[in-house]
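With the sequence up front, the predicted model follows.
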Amino acid sequence: MVARPASEVLTQAVDPASDRPVYRQISDHLRAIVASGQLGEGDQLPSESQLSEHYGVTRTTVQRAIDVLKRDGLVESRHGSGAYVRARPSVRRLASDRFARKHRERGKAAFTAEVEGAGSTPSVDRITVTEQRPPADVAERLGLTSRQRTVVRRRRYLIDGMPVELATSYIPSSLAKGTRITEPNTGPGGIYARIEEAGHRLDHFAEQIRARMPLPDEVRALGLAQGVPVFHLVRTAYDAEGQAVEVCDTVMSSDVYVLDYELPAR
């Protein structure tokens, strides 16, 4: 995208009397320009020379200001081209609707339903299926003994080709054996449709969510910018008898998702 003239977006000056370092003042100005919508996703920031001239500072100071925005995940550098406002897809995760049976009945897994509902294209890659003893905390959630095994499904989710989420599901082997849960492609409606076909009508889900900084392999797998945290979500699915039938450990890029919850007041 062609950069807008610097004179259109650069209107503030640094305050030499401020206790805040000059490079921080510049990063604050640029952050405000993005927040106001003057520069949108994919737009190019004024060049280092333009910023240096406007603020009357060295290019080293300008580079420090841009580095702050890169660490915060707001901008990205493109070799030989400059700095750009980082573009990321946005998906509104509706907790009250995401796992509705109506989606499974239409042959849509939860991720597919929410991404298509946002007008984007979902896909999944890096699918692996193994059988193993689960971690102790997962075994406890599923009510399994230390000797019982689970089918473990690992995959990466993408929106419009951009990786946004890593998920690992643990399903008791006694439930998964003989179903398509043991295959890379679980079929229409995903894992939960197959669990219900096996006679476990789903009743409710319990989710625990916390924010943390990503591990190095998560940064690589999700293509995260510096400074971008992740949502770490652990979900347990229960059937109508109160039996836990799946635990899903999910790592989500926090700059992609809006977690939208509707909670009753009674």
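On my side now, so go ahead.

The lowest-mean-pLDDT helix or strand in the chain pairs with which strands, parallel or anti?
Least confident helix or strand, the chain: strand 91-94 with a mean of 70, by mean pLDDT, DSSP states H and E. Paired with strand 91-94 in the same sheet, following DSSP bridges, are strand 257-260 (parallel).

Now the strand it pairs with: buried residues?
Y257 (16 or more other C-beta atoms under 10 Å). C-beta coordinates here come from the backbone N, C-alpha and C atoms, glycine included.

Could I get the average pLDDT for that strand?
Mean per-residue pLDDT for strand 257-260: 82.

quick one on the thing from earlier: ok now the least confident helix or strand of the chain, how far from the chain's centre?
11 Å (C-alpha atoms, centre = their mean, to the nearest Å).

pretty sure E48 contacts T61?
No. Between E48 and T61 there is no contact under C-beta atoms under 8 Å: 9.9 Å.

Contacts for the helix or strand D203 falls within, please.
In this assignment (DSSP states H and E), D203 forms part of strand 202-212. With C-beta atoms under 8 Å, 6 or more residues apart in numbering as the contact definition, strand 202-212 has outside contacts at 95, 99, 101, 192, 195-196, 229-240, 242, 245, 254, 259.

In the helix or strand that it is followed by, which residues are buried?
Per DSSP H and E, the first helix or strand lying C-terminal to strand 202-212 is helix 216-222. For helix 216-222, a neighbour-count test (16+ other C-beta under 10 Å) marks E218, A221, L222 as buried.

where are the low-confidence patches of this protein?
When residues are selected by pLDDT under 70, those of the chain lie in 1-7, 89-90, 94-96.

Would you indicate which residues of stretch 174-182 are buried?
Here stretch 174-182 shows L175, A176, T179, R180, I181, T182 as buried, counting by 16+ other C-beta under 10 Å.

Extract the C-alpha trace of that stretch and format it as PDB.
Once non-C-alpha atoms are left out, stretch 174-182 reads as follows in PDB (Å, rounded to 0.1, in the frame of the first residue of the first chain):
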ATOM      1  CA  SER A 174     -12.300 -46.400  25.300                       C
ATOM      2  CA  LEU A 175     -14.600 -43.800  23.700                       C
ATOM      3  CA  ALA A 176     -12.600 -42.900  20.600                       C
ATOM      4  CA  LYS A 177     -11.700 -46.400  19.500                       C
ATOM      5  CA  GLY A 178     -13.700 -47.500  16.400                       C
ATOM      6  CA  THR A 179     -14.700 -43.900  15.500                       C
ATOM      7  CA  ARG A 180     -13.200 -41.300  13.100                       C
ATOM      8  CA  ILE A 181     -11.700 -39.500  16.100                       C
ATOM      9  CA  THR A 182      -8.700 -41.800  15.500                       C
END
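
Not counting that stretch itself, show me its contacts.
Contacts for stretch 174-182 (C-beta under 8 Å, 6+ apart): 129, 131, 148, 150-151, 153, 171, 186-187, 191, 194-195, 197-198, 200, 245.

Same check on stretch 79-93?
Contact partners of stretch 79-93, identified using C-beta under 8 Å, 6+ apart, comprise 1, 3, 34, 39-45, 47-48, 66, 69-70, 73-78, 114-115, 118, 120, 159-160, 162, 164, 225, 253, 255-260.

Just the buried residues of those.
Neighbour counting by 16+ other C-beta under 10 Å classes 3, 34, 39, 43-45, 47-48, 66, 69-70, 73-75, 114-115, 120, 159, 162, 164, 225, 253, 255-257 among those as buried.

circling back: keep only those of the contacts of stretch 174-182 that are in strands.
V129, E131, T150, V151, R153, I171, V245 (DSSP state E).
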